[in-house]
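**Student:** below is the sequence, then the predicted model.
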Amino acid sequence: MSDPRVAGVGLTHFGKHPERTGRAMFAEAGLAALDDAGIDPDDVEALFYGNFMGELAEHQGHQAPLMAEAVGLDVPATRYESACASSGAAIRDAVFRLRSGEADVVLVGGSERMTNIGTAAATDALSIAADDLYEIRAGMTFPGAYALMARAYFEEYGGSTEDLAEIAVKNHEHALPNEYAQMQQAITAEDALDAPTIADPLGLYDSCPITDGATAAVLVSEEYAADHDLDTSVAVTGTGQGGDKMALHDRQYFARTPATEDAADEAYDDAGIGPDSVDFLEVHDCFTIAEVLALEGLGLYEPGEAIGAASRGETTREGDLPVNLSGGLKAKGHPVGATGVAQLISITKLLEERHPRAEDVEGATTALAHNAGGTVASATVHVLQEVEQ
Amino acid sequence: MSDEPRDEGFDDLLDAIADGEGFYVECANGHGSLPPRLACPQCGSQDLSEEPLPDSGEISTYTVVTVPTPQFEEDAPYVTAVVDFGPVSITGQVRGVDPEDVETGQVVGIGVGETVTREERLLVFEPR
């Protein structure tokens, strides 16, 4: 079976751009990806597009054809909606399309316009990733849901808000040279601990910002890359997806994420690797506690062990297992439907040594992208590896 | 009550809890869930019955929400908790106790209250 190659990537600046329409942002990202790939746009056969809250933020459903058109492509286009894992799910189906031989060139990406509706409406829009009847109507917010998980984690395994603060400090430090990041500013643990509480025990700096942005990547079959002499050294060698009960209260665990565990098992198996092979990774840190749950779910730490990983320096850029060198959702920003592909873009640039943090992972060959939806009722994991051209 | 269509199952459960006759859905294999259900979310069994909801449960985890969605603007700060009733767990708001005094493991009963902001029904827990 051939492994799809990442032929080109593109993205917009992540940040507060309330005036930018989803279509304009995606056009910028998509055209940049096509340009980076250096392929004939007529060769693109389909668009796999992630978006979460377009109906609420832009009064726009049926976004995929609009986005294909924005990039100047006349191809079948489908929108994927899996909350914050929307474009992770899009990548997965794009990989299947290429592997099956049904297509040789596809565009995958996502966009999200969020700040135009203001913080209160965006908080409301994000909350609908939870169960409306049994969670939202009880006042559950998105930060509130992760706060429930954080408290459960502390009770079961220990850990503290000081440990979470170190994760925020790390991801902010990682984002400093990332010109696409929403927050290129260093913070201290004191800044995080002194910040206003959003949903106890989580504060402002435990939470990713509300972000506008778009991402895109051109994925091609190995055969197409060879036939067209493309300069592609990164392949998607493994894909996995997991699911869980929608409502947190219906889960077996509040401090573990079985959907991530299942997605990781499948992706490792698919790539023929184990957790020991992973050199660095991008995980879904919508909240600091989410990074902890991800690292444990991915089998990189035992349950209860990842809470101190940043404090111990293991997941910083100098550590043995750098996590979120892009800055993560926390500092890079989280334009929801664009995030899964943003992770793929960061990893591709790091492996290709054209990322400002590339020197921190010199010689690395294997990385993971972990994208999660809601309170991880959906999760996708992709293995990206540097391969011979 | 407004003229909005009811949400079958959910509103039936709230009515029942308000009347002191709370229930949950149980499948042939003993898995509990909340209505409406045609199949057990744990095992897929379609052999379902309504069983009485235990009178009280324990707080598994909770949070004090200070930044709410617009529909809870005037309710904040409030305590959202997951309460374990044994066969099912339920999410609701803890009332009748200072948020500072809420603890995991606390025993609470369930009832139906109203939000401050929009006077909408919601599930509430009060210490027993």
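**Tutor:** Cool, the structure landed.

**Student:** what is the neighbour count of residue 121?
**Tutor:** I went with chain A, as the question did not name one. A:Ala121 is flanked by 17 other residues according to other C-beta atoms under 10 Å in any protein chain shown. (Glycine included, C-beta is placed from N, CA and C.)

**Student:** chain B was what I was after
**Tutor:** 17.

**Student:** so where do the helices sit in the chain?
**Tutor:** Just going to use chain A. Along chain A, counting by DSSP state H, helices occupy A:22-37, A:54-58, A:63-70, A:86-99, A:118-127, A:142-157, A:161-175, A:189-194, A:222-227, A:258-271, A:288-297, A:328-332, A:339-351.

**Student:** correction: the question concerned chain B.
**Tutor:** According to DSSP H, the helices that chain B contains are B:10-18.

**Student:** can you check which strand is longest in it?
**Tutor:** Counting by DSSP state E, the longest strand found in chain B is strand B:56-65.

**Student:** which parts of chain B sit against chain A?
**Tutor:** B:7, B:10, B:33-34, B:41, B:60-73, B:75, B:78, B:80-82, B:88-93, B:104, B:115, B:120-123 (C-beta under 8 Å from any C-beta of the partner chain).

**Student:** which pLDDT value belongs to residue 127?
**Tutor:** You didn't say which chain, so I picked chain A. Model confidence at A:Ser127, expressed as pLDDT, equals 92.

**Student:** think we crossed wires, I meant chain B
**Tutor:** 95.

**Student:** now for it, how many residues are close by?
**Tutor:** Count around B:Pro127 with other C-beta under 10 Å applied: 16.

**Student:** tell me who's in contact with it.
**Tutor:** Contacts for B:Pro127 were tallied using C-beta atoms under 8 Å, 6 or more residues apart in numbering or on different chains; they are B:Val94, B:Gly96, B:Val97, B:Gln106, B:Val107, B:Val108.

**Student:** now with 10 Å?
**Tutor:** B:56, B:59, B:94-97, B:101-103, B:106-109 (C-beta atoms under 10 Å, 6 or more residues apart in numbering or on different chains).

**Student:** what's the burial count for the nearest residue to B:Tyr62 once chain neighbours are set aside?
**Tutor:** Among residues not flanking B:Tyr62 along the chain, B:Ala81 sits closest, at 3.7 Å (C-beta to C-beta, 6 or more residues apart in numbering or on different chains). Using other C-beta under 10 Å, B:Ala81 has 28 other residues around it.

**Student:** ditto for the one 5 residues further on
**Tutor:** For B:Gly86, the tally of surrounding residues (other C-beta under 10 Å) stands at 12.

**Student:** okay but it is in contact with B:Gly57, surely?
**Tutor:** Yes: using C-beta atoms under 10 Å, B:Gly86 is in contact with B:Gly57, at 7.1 Å.

**Student:** quick one on the thing from earlier: quick check: PyMOL command selecting the buried ones in the residues of chain B next to chain A.
**Tutor:** Filtering those down to the buried ones (16 or more other C-beta atoms under 10 Å in any protein chain shown) takes a single PyMOL command:
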select buried, chain B and resi 10+33+34+41+60+61+62+63+64+65+66+67+68+69+71+72+75+78+80+81+82+88+89+90+91+92+93+104+115+121+122+123
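
**Student:** residues near residue 97, how many?
**Tutor:** Looking at chain A here, since you left the chain open. 20.

**Student:** please go with chain B instead
**Tutor:** Around B:Val97 there are 15 residues (other C-beta under 10 Å).
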